[in-house]
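Trainee: Any chance you can model this:
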Amino acid sequence: MGKDPKSSGGKGKGKQAAGGSDDGASKGKGKSGKADGLGTCAAAPMHILCEKQGKINEAYKKLEDGWLSNGDKVPPAEFAKIASGYSECPSGKKGGDLGWFPRGKMAGPFQEVAFNTPVGVTSAPFKSTHGYHIILSEGRKN
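Mentor: As a prediction, this is how the structure comes out:
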């Protein structure tokens, strides 16, 4: 619902370093503060939020064992199952779906990872002021 239909399924790089990509496809920011070539106005990530680093690492291990270690992209439905079981955010009840939000609505590292993770790719765990996160980028639009 409201998601980019091109974001589900398929093979490809699944492991994503927070804030950048393994293959160099992510560009730096220009003077406008917008990421080049990745879309800039709104993002639709799914996420897992945990207070403790050990718990987010456990969730990430499940993603690695199921898909990322094989170079696969995590299917949104499977990410949602893991989010429902691990996320401490109220969005966990919705499989971690945050819906669409504009650039500038989320703070610091979360926004950076949400807008710099290529669509369909899962981020590595990262820390924000709210705890530890993993993001699956489902869509981006201008």
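Trainee: tell me the phi and psi of Pro102?
Mentor: phi -80, psi 160 (degrees, to the nearest 10).
Trainee: go on, Met46?
Mentor: phi -100, psi 150.
Trainee: From the contact counts, what lies against the lengthiest helix in the chain?
Mentor: Counting by DSSP state H, the longest helix found in the chain is helix 53-66. In terms of contacts (3 or more C-beta pairs under 8 Å, 6 or more residues apart in numbering; DSSP states H and E), helix 53-66 is packed against strand 42-50, helix 76-86, strand 131-141. Every residue, glycine included, has its C-beta placed from N, CA and C.
Trainee: Glu138 touches Val119, doesn't it?
Mentor: Yes: the pair Glu138 / Val119 is scored as a contact, 6.9 Å apart, by C-beta atoms under 8 Å.
Trainee: Just give the closest residue to Glu51, not the sequence neighbours.
Mentor: Closest residue to Glu51 apart from its sequence neighbours, by C-beta to C-beta, 6 or more residues apart in numbering: Gly131 at 4.7 Å.
Trainee: And for that neighbour, the neighbour number?
Mentor: 17 (other C-beta atoms under 10 Å).
Trainee: So what sits opposite it in the bridge?
Mentor: Note on Gly131: beta-bridge partners by DSSP bridges are Ser128.
Trainee: who's in contact with it?
Mentor: Contact analysis of Gly131 by C-beta atoms under 8 Å, 6 or more residues apart in numbering lists 49-52, 56, 88.
Trainee: if we take those residues, which one ends up nearest to Trp67?
Mentor: Nearest to Trp67 among those: Ile56, at 16.7 Å, using C-beta to C-beta.
Trainee: Excluding residues flanking it in the chain, which one is nearest Ile56?
Mentor: Tyr132 is the one closest to Ile56 (C-beta to C-beta, 6+ apart), at 3.8 Å.
Trainee: Am I right that the one you found is in contact with Pro125?
Mentor: Yes: using C-beta under 8 Å, Tyr132 makes contact with Pro125 at a distance of 5.5 Å.
Trainee: Name the residue in those two with the higher neighbour count.
Mentor: With neighbours defined as other C-beta under 10 Å, Tyr132 and Pro125 compare such that Tyr132 has more, 21 against 18.
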